[in-house]
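**Q** Fold the following.
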Amino acid sequence: MLDAVAQSPDIDALMNDIGRKARAAARPLAFASTESKNKALHAMADAILAHKDRILAENARDLKDMEGTDTLASFIDRLTLNDKRIAEMAEGIRTIASLKDPVGEVIAAWDRPNGLKIERIRTPLGVIGVIFESRPNVTADAGALCLKAGNAAILRCGSDSSRSSRAIHACLVEGLKAAGLPEHAIQLVPVTDRAAVGAMLRGLEGAIDVIVPRGGKSLVARVQNEARVPVFAHLEGLCHVYVDASADLDMAKKIIVNAKMRRTGVCGSAETLLIDSAAIGTHLLPLVTVLTDAGCEVRASATVLKVLPGLKPATEEDWSTEYLDAIISVAVVDGISGAIAHIQKYSSSHTEAVIAEDPKVVERFFTEIDSAILLHNASTQFADGGEFGMGAEIGIATGKMHARGPVGVEQLTSFKYRVHGTGQTRP
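**A** Numbers count the residues shown, from 1 in each chain. Below you'll find the model as predicted:
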């Protein structure tokens, strides 16, 4: 099916048809019962587990295509599925099913002096286009989250994960059918042609209400430059960890190794370590040593090199590079003020962490840094919708309009007002 469609000369016609089917599916989804949506989600999870062998076989084919390329190990890790990750995928869908249905929730209510009763309630966005790279699990996460929030979804995966994503998508459709919901509620673009992305960014003749990009800097830049529909911006994860002089050293060592090395290819992986100048004599060498012992390459500022001259010098480019690899930049800063200045200059507003016992330092960090996620004495790898109790996420939004941080079911809704009167007219 994919190979046949991929040769079609009219991508726009194909994509516009997908858009029409999504718009038609979005109407009944907007008022589908919680029970039917949850039934579909549980059936999807069951199907993923039942078809695990097929998903793994297709994933192996995707991985084989990566052999002999210069693809980073972290990207291979993103693409790789195994028994544990498939089980986690299914469990994530079940967690989404267990969440409160956001559709119809009364966000606020108040009475006016003239007797009008006003309510603000959550409503679905409509049709959500999700463009993502590498991670096949996003197929399940995005499809399930959109469904729970009453939205139709058009998913466009990267070519490197196309087989894996198709196998997962088939399980989602199986779940929709089992619950009697429109099978076009979650569609996967069946072509790898980049023209399909362009068609989505143009809105598919008004079918798409919002675009969510989840991928590298070049993808997000293209989406932001070309999109004619609203975009939930998901920029790169230039995540920082600041270690204050008041930090517990043993805690700092554990957090930093986890923040950098647990999974280097995720957007919450730490890319820059900032160390308080007052802690050079106590914290610098132990923290650098624990990173290098874990297999991480350290790129050091001039001040760090004066103390540890054997390290690789950091360039100006390093401070604004998302490595997504076992590499970290390390700088010494003048306390919390220096840390804030560095983060404000180089951060992508994704996730930052402070390791400190001084409450005044933590308060300044939380008050003066305006990234989407801020952590105190915890790893940046907690920047994840599942860890926030959302079941899963479509991504981490770094913009300030509508959605920010992990994008889960609540962030995939808008709202409308209901006004109840008793015959009032305006004078």
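**Q** give me the low-pLDDT residue ranges for the stretch 1-150 of the chain?
**A** 1-9 (pLDDT under 70).
**Q** quick one: the helices in it?
**A** Using DSSP state H, counting those that start in this stretch, the helices found in the stretch 1-150 of the chain span residues 2-6, 11-30, 34-50, 52-66, 73-79, 83-98, 137-148.
**Q** With mean neighbour count and distance to I355 as added columns, please give those in JSON lines.
**A** Where you see a C-beta, it was placed from the backbone N, CA and C, and this is true even at glycine. Below are these laid out as JSON lines (neighbours: other CB atoms under 10 Å; distance: least, CB to CB, whole Å):
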{"stretch": "helix 2-6", "mean neighbour count": "11", "distance to I355": "47"}
{"stretch": "helix 11-30", "mean neighbour count": "19", "distance to I355": "44"}
{"stretch": "helix 34-50", "mean neighbour count": "20", "distance to I355": "37"}
{"stretch": "helix 52-66", "mean neighbour count": "16", "distance to I355": "36"}
{"stretch": "helix 73-79", "mean neighbour count": "18", "distance to I355": "24"}
{"stretch": "helix 83-98", "mean neighbour count": "19", "distance to I355": "28"}
{"stretch": "helix 137-148", "mean neighbour count": "28", "distance to I355": "30"}
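**Q** Make JSON lines out of those and add distance to P286.
**A** Output for those, formatted as JSON lines (distance: least, CB to CB, whole Å):
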{"stretch": "helix 2-6", "distance to P286": "52"}
{"stretch": "helix 11-30", "distance to P286": "54"}
{"stretch": "helix 34-50", "distance to P286": "43"}
{"stretch": "helix 52-66", "distance to P286": "37"}
{"stretch": "helix 73-79", "distance to P286": "26"}
{"stretch": "helix 83-98", "distance to P286": "32"}
{"stretch": "helix 137-148", "distance to P286": "36"}
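**Q** nearest to G175, of those?
**A** Nearest to G175 among those is helix 34-50 (3.2 Å), distances taken as CB to CB.
**Q** report the angle between the axes of that closest one and helix 137-148?
**A** 160 degrees (axes from the mean of the first three to the mean of the last three CA atoms, to 10 degrees).
**Q** contacts for helix 34-50?
**A** Here helix 34-50 makes contact (CB atoms under 8 Å, 6 or more residues apart in numbering) with 55, 86-87, 89-91, 93-94, 96-97, 101, 140, 143-144, 147-148, 150, 168, 170-172, 174-176, 178-181.
**Q** how about the helices of the stretch 1-150 of the chain, which one is nearest C239?
**A** Proximity to C239 (CB to CB) singles out helix 73-79 among the helices of the stretch 1-150 of the chain, at 14.1 Å.
**Q** and the gap between A153 and K52?
**A** The gap separating A153 from K52 is 23 Å, by CB to CB, to the nearest Å.
**Q** brain fart, D77
**A** If you measure D77 against K52 using CB to CB, the figure is 19 Å.
**Q** Run a quick neighbour tally on G115.
**A** 11 (other CB atoms under 10 Å).
**Q** Also A152?
**A** When neighbours are counted by other CB under 10 Å, A152 comes out with 31.
**Q** What residues does it make contact with?
**A** 22-23, 25-26, 29, 126-128, 146, 182, 184-187.
**Q** now E322
**A** Taking CB under 8 Å, 6+ apart, one finds K217, E236, G237, L238, C267, E271, S348 in contact with E322.
**Q** Show me which pair in these is furthest apart.
**A** So, the contacts of E322 by CB to CB: farthest apart are K217 and E271, at 12.7 Å.
**Q** who's more crowded, these two?
**A** Per other CB under 10 Å, whichever of K217 and E271 has more neighbours is E271, with 29 against 11.
**Q** Now the terminal residues of stretch 385-394, how far apart.
**A** 8 Å (CA to CA, to the nearest Å).
**Q** Could you pull out the buried residues of it?
**A** Across stretch 385-394, burial judged by 16 or more other CB atoms under 10 Å covers G385, G386, M390, G391, A392, E393, I394.
**Q** do you know how far the last one is from A302?
**A** Read it as I394. As judged by CB to CB, I394 and A302 stand 40 Å apart.
**Q** How about the secondary structure of G385?
**A** In three-state terms, and counting by DSSP: H, G, I helix; E, B strand; the rest coil, G385 is coil.
**Q** how about it, what does it touch?
**A** So G385 contacts D141, G391, A392, E393, I394, P406, V407, G408 (CB under 8 Å, 6+ apart).
**Q** Between those residues, which sits nearest R222?
**A** I394 (17.8 Å).
**Q** so that closest one sits in a strand?
**A** No - going by three-state DSSP, the assignment for I394 is coil, not a strand.
**Q** looking at it, it is touching V212, isn't it?
**A** Yes - the pair I394 / V212 is scored as a contact, 5.1 Å apart, by CB atoms under 8 Å.
**Q** so what sits against both of these two?
**A** Contacts common to I394 and V212, judged by CB under 8 Å, 6+ apart, are V130, A142, F232, V407.
**Q** residues contacting the third one?
**A** Applying CB under 8 Å, 6+ apart, we find F232 in contact with V210, I211, V212, P213, I394, G395, A397, G399, H402, A403, V407, Q411.
**Q** rerun at 10 Å
**A** 125, 128, 130, 210-214, 223, 394-399, 401-404, 407, 411-412 (CB atoms under 10 Å, 6 or more residues apart in numbering).
**Q** related to what we said a few turns ago, out of the helices of the stretch 1-150 of the chain, which gets nearest to D334?
**A** Closest to D334 of the helices of the stretch 1-150 of the chain is helix 73-79 (CB to CB; 32.3 Å).
**Q** So which residues make contact with that closest one?
**A** Residues contacting helix 73-79 (CB under 10 Å, 6+ apart): 59, 62-63, 65-67, 69, 71-72, 133-138, 158, 160-161, 164, 216, 263-266, 269, 323-326.
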